[in-house]
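1. got a sequence here, can you build the structure:
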Amino acid sequence: MARAERPEPSQEPVKHRKARHYRAVFISDTHLGTRAARVDLLLDFLKTVSCDHLFLVGDIVDGWAIKRSWYWDTDHNDVIRKVLKMAKHGTKVTYIPGNHDEGLRGFEGHNMAGVELVPDMIYTAATGRRYWVLHGDQFDGVVKYAKWLAHVGDRAYGLLLRLNTLVNWLRRKMGYSYWSLSAYLKHKVKNAVEYIGKFEEAVAAEAARRGIDGVICGHIHHAERRFFGGIEYMNDGDWVESCTALVEHEDGRFEILYWADEVAARHKDVKKKRTKAKKRREDDVAPVPVAAE
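-> The predicted structure follows:
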């Protein structure tokens, strides 16, 4: 289901695009501090939208990866600066640490430069429905009971993402669009599909037990909206494979945005406009008269 592309963000200046405003935006699993993080698309997204409330739903900075090998470029800095700028200009920013940024757990209740840290929270949508917002690793048996295995799996996943980058570099050279090898394999492997299904069921069941209308989480890198009985389950995906965000419109309607697709369509539209403009200029050129012999 992941549809992330590394198309270059449109050459159209962001300032010429009117920012889309949402009541709330939920993003998670950006994994800043890794080469797999799609900071180019994430930064484009943050510059293109505005919101009343921004939720950072865990694994924003990948502490596990940074401990192994430090990677941090100017784009990573720009993402942090953009989030802090949003907080400074009135956007309420809430950070719910995940397992990869678990170093921030224990600091819940503190406010860092306008960013409020909380372990989880209940969010009331415009419709009045109440949603439990959490990262979701609490429902991952591997993370909870076999952390060493989670670290092994994380390394294997990192290798797969690097292979995914190489595959798509070759595809771009050949003129093909993005195709997520990692997502394809994940959804072809029966155990991975079963894991996703069980995770979703477990989180929804706990929301029902708590008497909440729905749940919003991340962790499994699988953007989804579905119902389990009367419980609405929503996962905002990630920014290493699918490059997705969950947004709430002013009327309380939720939507998953696939940002790589949007950037690719925008880039295609810009190229189409340039081609049309070039053709018009060529048509406007008057033919040079040929002298009679």
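2. burial count for Gly128?
-> As a burial measure, Gly128 scores 8 neighbours (other Cβ atoms under 10 Å). Bear in mind the C-beta positions are built from the backbone N, C-alpha and C, glycine included.
3. with Asn77 instead?
-> When neighbours are counted by other Cβ under 10 Å, Asn77 registers 12.
4. so which residues of the stretch 101-250 of the chain form strands?
-> According to DSSP state E, counting those that start in this stretch, the stretch 101-250 of the chain carries its strands in the segments 111-112, 115-117, 121-124, 130-133, 214-217, 224-228, 231-235, 244-248.
5. hey, which of those strands is tucked in deepest?
-> strand 214-217 (a mean of 27; mean count of other Cβ atoms under 10 Å).
6. okay, now the sheet partners of that strand, with direction.
-> Strand 214-217 has these partner strands in its sheet, going by DSSP bridges: strand 130-133 (parallel), strand 231-235 (parallel).
7. can you redo the ones you listed as CSV with distance to Ser242 and mean pLDDT?
-> Formatted as CSV, the strands paired with strand 214-217 follow (distance: least, Cβ to Cβ, whole Å; pLDDT from 0 to 100):
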stretch, distance to Ser242, mean pLDDT
strand 130-133, 19, 98
strand 231-235, 10, 97
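8. the stretch 51-200 of the chain: helices as residue ranges?
-> Assigned by DSSP state H, counting those that start in this stretch, the helices in the stretch 51-200 of the chain fall at 63-68, 74-88, 141-145, 147-173, 181-188, 190-209.
9. just checking, what packs against the helix or strand that contains Ala265?
-> Counting by DSSP states H and E, the element that carries Ala265 is helix 259-284. Packing contacts for helix 259-284, counted by 3 or more Cβ pairs under 8 Å, 6 or more residues apart in numbering; DSSP states H and E, involve helix 39-48.
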